[in-house]
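Undergrad: Could you work out the structure for the sequence below:
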Amino acid sequence: MKLGLASIDELCARLGRPERAFPSVLIGGTNGKGSCAATLAAIAHAAGRRTGLYTSPHLIDVTERVRVSERDVSADELDDALRRVFAAADAAPEVPVTYFEAVTAAAFAIFASRGVELGILEVGLGGRFDATNVAPAILSAVTSIGLDHTEELGPTTDRIAAEKAGIFRAGKPALFSAEDAAAAAVLEFEAARLGALAHDLRAEVAVEVESTDLAGTRLVLRTPRGLARLSTPLPGRHQAVNVAVAVRAAELLAPEVPGLTPEAVAAGVAGVRWPGRLETLSDGVREVVLDGCHNADGAARLAGFLEDSGLTGRTDLIFGAMADKDIEAMAGSLFPRVRRVLLVPAPGPRAATPRELSRRTAGIGDTVEQESLAAALRTLRADPSREPIIVAGSLYLVGQARALLRPAPRGGGEAR
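TA: Purely as a prediction, here's the structure:
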């Protein structure tokens, strides 16, 4: 990881400035930014615009990070773009680039060569120094502010908000949603300081959730454009706010992006696909719900969904997380709301071991250590219960589960 724009800026210059070949939208936030970006991209696609979507991380295949017209790019197309990126980076004087910078530059190159009419870019970490921030966005949005990546972004929500506000642009809409009052005040202050046009979602849009379950969420929005009754396949009360940010962004983009009508908004919201976020698959015996709630705020949102959908106390949870996350807070939200917890290692060297998970969550819920995700699924498959199994925590764990359970999903939608 390397925060800063010098390398990506030089790389884009050597590639002929592909990030300037199309109008773009930057979407940051602690949680919800991927769901919001995918929803806005689906709306733009429904409006007839050739749309590029760049997100991170991927669940199974790196090609998931780059979509054009709602389809993941092929491995060959990404390989070709990366060859151009590496050639530019290796030219004298050499530009050292990270994995994220290389894939970001490749996405810009693909979008430029495909002639996309609108690029939706999910910010990777923070905002001010994230590689995506080299793009000259016509609108920037922040979906939420919470405590995550505190070593890089700061220990408080107001410090984190200031970093994420770094994606705002002078003279362009700066849309934000923050439950934390201090964070919201910082976002509004930074928008004014940068000369951006501030839009506080909570002042401009009323959100009413009619229902939410594993099949999706039904909601009503009252926006400056009017009343909209919408349905998204993404489950969870929290997704209503992500939809609201995407819809309000579409309204603010409408003067510059043709076709963003209420009909396109409704069609896009209904057709979005965003795997691994309360996505339902099956292990052949029980339904398995995958949710990449990789921080404390995400875990609280999953806990809220369990309450809303009547699943509290009925489900089993398979849990794994990175060691640098606030595992104690995540466990405090989730473990008391499930029948029992199977602790497993998530993929990767940063993951906490089952023993570490057990030590850090001692006294919270009924837990048992398992050697692997596959072992945990085998254990639960033998249980007579037919209630859904929750696999949650690290997105890397969710990707591993998705690779094991590849039948056609419900909810988040297929990855391709």
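Undergrad: Now for Gln239: which residues touch it?
TA: By Cβ atoms under 8 Å, 6 or more residues apart in numbering, the residues touching Gln239 are Gly32, Ser35, Thr212, Thr217, Thr232, Arg277. (Glycine included, C-beta is placed from N, CA and C.)
Undergrad: Strands - which of those residues land there?
TA: Residues from the contacts of Gln239 lying in strands, with DSSP state E as the criterion: Thr212, Thr217, Thr232, Arg277.
Undergrad: Tell me which two in those residues are the farthest apart.
TA: Distance extremes for the ones in strands among the contacts of Gln239: the farthest pair is Thr212 and Arg277 at 12.8 Å, using Cβ to Cβ.
Undergrad: More neighbours: those two, which one.
TA: Arg277 (28 against 23; other Cβ atoms under 10 Å).
Undergrad: surely the more buried one meets Cys36?
TA: No. If you go by Cβ atoms under 8 Å, Arg277 and Cys36 don't touch, sitting 11.3 Å apart.
Undergrad: so how far is stretch 280-299 off the chain centroid?
TA: 15 Å (Cα atoms, centre = their mean, to the nearest Å).
Undergrad: so what sits against both of Thr212 and Arg277?
TA: Gly236, Gln239.
Undergrad: Give me the buried positions along stretch 322-332.
TA: Buried residues in stretch 322-332, counted by 16 or more other Cβ atoms under 10 Å: Met322, Lys325, Asp326, Ile327, Met330, Ala331, Gly332.
Undergrad: So which residues make contact with it?
TA: For stretch 322-332, the external contacting residues (Cβ under 8 Å, 6+ apart) are 147-148, 151, 293-296, 298-299, 319, 321, 341, 346, 348, 350-352, 356-357, 360-361, 364-365, 393-394, 396.
Undergrad: Endpoints of it, how far apart?
TA: With Cα to Cα, to the nearest Å as the measure, stretch 322-332 spans 16 Å from end to end.
Undergrad: looking at it, Ala246 is touching Ala44, isn't it?
TA: No. Using Cβ under 8 Å, Ala246 makes no contact with Ala44, being 9.8 Å away.
Undergrad: list residues touching both of those two?
TA: By Cβ under 8 Å, 6+ apart, the residues touching both Ala246 and Ala44 are Gly268.
Undergrad: Quick check: most distant residue from the centroid of the chain.
TA: For the chain, the residue at maximal distance from the C-alpha centroid (Cα atoms, centre = their mean) is Ala92, at 36.1 Å.
Undergrad: Please identify the helix or strand for that one.
TA: Taking DSSP states H and E as the definition, Ala92 sits outside all helices and strands.
Undergrad: buried subset of the contacts of stretch 322-332?
TA: By 16+ other Cβ under 10 Å, the contacts of stretch 322-332 give 147-148, 293-296, 298-299, 319, 321, 341, 346, 351-352, 356-357, 360-361, 364-365, 393-394, 396 as buried.
Undergrad: among these, which are in helices?
TA: Cross-referencing these against helices under DSSP state H gives Ala296, Gly298, Ala299, Glu356, Leu357, Arg360, Tyr396.
Undergrad: Contacts for stretch 115-124, please.
TA: Contacting residues not belonging to stretch 115-124 are listed as 22-29, 33-34, 37, 40-41, 44, 49-56, 68, 100, 104, 107-108, 111, 130-133, 135, 137, 164, 167, 253, 257 [Cβ under 8 Å, 6+ apart].
Undergrad: which parts of that stretch are buried?
TA: Residues of stretch 115-124 classed as buried by neighbour count (16+ other Cβ under 10 Å): Val116, Glu117, Leu118, Gly119, Ile120, Leu121, Glu122, Val123, Gly124.
Undergrad: I'd like the mean pLDDT over it, please.
TA: Computed over stretch 115-124, the mean pLDDT rounds to 97.
Undergrad: Stretch 185-205 too?
TA: 96.
Undergrad: try stretch 366-380
TA: For stretch 366-380, the mean pLDDT works out to 95.
Undergrad: What separates the first and last residues of it, distance-wise?
TA: End-to-end distance of stretch 366-380 (Cα to Cα): 14 Å.
Undergrad: ok, and what's touching it?
TA: By Cβ under 8 Å, 6+ apart, the residues outside stretch 366-380 that reach it are 283, 286, 288, 316, 318, 320, 335, 339-345, 354-355, 357-358, 361, 389, 391, 397, 400-401, 404.
Undergrad: sorry, back to before: and the ones in helices among the buried ones among the contacts of stretch 322-332, which is closest to Arg83?
TA: Tyr396 (26.8 Å).
Undergrad: OK, contacts around that closest one?
TA: Pro57, Met322, Ala346, Pro347, Gly348, Ala351.
Undergrad: Apart from its chain neighbours, what residue comes closest to it?
TA: Pro347 (4.6 Å; Cβ to Cβ, 6 or more residues apart in numbering).
Undergrad: Tell me how many other residues crowd the one you found.
TA: 14.
Undergrad: gap between the nearest residue to Thr104 once chain neighbours are set aside and Ala46?
TA: Residue nearest to Thr104 in three dimensions, not counting chain neighbours: Ala131, with 4.4 Å by Cβ to Cβ, 6+ apart. Relative to Ala46, Ala131 is positioned 28 Å away (criterion: Cβ to Cβ, to the nearest Å).
Undergrad: Look at the two and report which has more neighbours.
TA: Set Ala131 next to Ala46 and count neighbours by other Cβ under 10 Å: Ala131 wins out with 31 against 24.
Undergrad: Got the confidence number for the more buried one?
TA: pLDDT at Ala131 comes out at 95.
Undergrad: ok, now Lys2?
TA: Lys2 is given a pLDDT of 63.
Undergrad: quick one on the thing from earlier: can you name the two of the buried residues of stretch 115-124 that sit furthest apart?
TA: Farthest pair in these, by Cβ to Cβ: Glu117 and Gly124, 23.4 Å.
Undergrad: Please produce TSV containing the ones in helices among the buried ones among the contacts of stretch 322-332, extended by distance to Asp79 and pLDDT.
TA: TSV is the format used below for these (distance: Cβ to Cβ, whole Å; pLDDT from 0 to 100):
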residue	distance to Asp79	pLDDT
Ala296	38	90
Gly298	33	90
Ala299	37	94
Glu356	37	97
Leu357	37	97
Arg360	41	96
Tyr396	23	94
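Undergrad: Kindly reformat these as a markdown table containing distance to Leu197.
TA: Formatted as a markdown table, these follow (distance: Cβ to Cβ, whole Å):
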| residue | distance to Leu197 |
| --- | --- |
| Ala296 | 32 |
| Gly298 | 30 |
| Ala299 | 34 |
| Glu356 | 46 |
| Leu357 | 45 |
| Arg360 | 44 |
| Tyr396 | 38 |
